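Visitor: Starting from these lines, generate the structure:
(2 chains)
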There are 2 protein chains.
Amino acid sequence: MIDVFTDVYFMKKALQEAEIAFEKGEIPVGAIIVVANKVIARTHNLTELLHDVTAHAEMQAITSAANFLGGKYLKDCTLYVTLEPCQMCAGALYWSQITKIVYGATDEARGFQKMGTQLHPKTQVVSGILEKECAELMRNFFKSRR
Amino acid sequence: MIDVFTDVYFMKKALQEAEIAFEKGEIPVGAIIVVANKVIARTHNLTELLHDVTAHAEMQAITSAANFLGGKYLKDCTLYVTLEPCQMCAGALYWSQITKIVYGATDEARGFQKMGTQLHPKTQVVSGILEKECAELMRNFFKSRR
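Guide: Predicted coordinates for the structure are as follows:
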């Protein structure tokens, strides 16, 4: 049997969220959280609309998933996010003890890997899923702003 | 003229917030944000009540202050917080470009200094204000939980 629930399958959904952010004039980052192949959170960056630096896609996804689960630990959950998380979001993911993080494009300037932010030892990280598509959306956004 | 608006004066207000958290069974951390000697945000840790790892006092204070100011940058603002911020909160403070951070007790295990989280180059940091009182409240909390 073919497994349709691949990392690419779920990253496409995160990318759809990023596209919604793009259309709203927000830096186009989208995120979803999945548990047992079920999407339990679906968010995109809203820092401009909310005038709030904490409104990154990942932060909203963590809050939303925890609300859904009724508990603060994101056990057996996977976050799919189109851009590498920043210090703040990686710090939140550390506290959540999330099982897996999958991101698309690398953030060379402010990504958590470059910044040296620590994740929880339990957390597995996969990168580069739909990297080209995720990075291209970011480039198009900044090009349209110039 | 005597300046009543000292760091100790404002840290006492953050400590009052921490005491409210304590009474609610939350890890007792309180925060306030001040601009021109006016308190524009007053928050305490709510991670247990909200089942949400992102509900640290500082995160709520950043959101609250930005709502009050109608903009996401916390220019000319000072955060007073009873415990040294973690990676997540320091990461959020980085994005906010806050002018000054004053904290009470040091978090030797998970504080941003130990973890190497970067603040914005514009941000000034003061530590150790009412350190003894802030640390004692934390110790009493964990003692009561044993």
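Visitor: And the residue nearest to residue A:10 when sequence neighbours are not counted, how close does it get to residue A:131?
Guide: Excluding its sequence neighbours, the residue lying closest to residue A:10 (Cβ to Cβ, 6 or more residues apart in numbering or on different chains) is residue A:80, at 4.6 Å. Heads up, the C-betas are built off the backbone N, CA and C, glycines and all. Counting by Cβ to Cβ, to the nearest Å, the gap between residue A:80 and residue A:131 amounts to 13 Å.
Visitor: Downstream of whichever helix in chain A runs longest, the next helix or strand is which one?
Guide: With DSSP state H applied, the helix covering the greatest number of residues in chain A is identified as helix A:7-23. Toward the C-terminus, helix A:7-23 is succeeded by strand A:30-35 as the next helix or strand (DSSP states H and E).
Visitor: Now find how far off-centre that following strand is within its chain.
Guide: Strand A:30-35 has its C-alpha centroid displaced from the chain centroid by 7 Å (Cα atoms, centre = their mean, to the nearest Å).
Visitor: one step back: correct me, but the residue nearest to residue A:10 touches residue A:34?
Guide: Yes: A contact is recorded between residue A:80 and residue A:34 when judged using Cβ atoms under 8 Å, the distance being 6.8 Å.
Visitor: okay, and the common contacts of the two?
Guide: Common contact partners of residue A:80 and residue A:34 (Cβ atoms under 8 Å, 6 or more residues apart in numbering or on different chains): residue A:10.
Visitor: Counting neighbours, go ahead and name the busier of those two.
Guide: Between residue A:80 and residue A:34, counted using other Cβ atoms under 10 Å in any protein chain shown, residue A:80 has the larger neighbour count: 29 against 24.
Visitor: and the gap between the more buried one and residue A:65?
Guide: Distance of residue A:80 to residue A:65, given as Cβ to Cβ: 12 Å.
Visitor: That's all I had, so thanks and see you.
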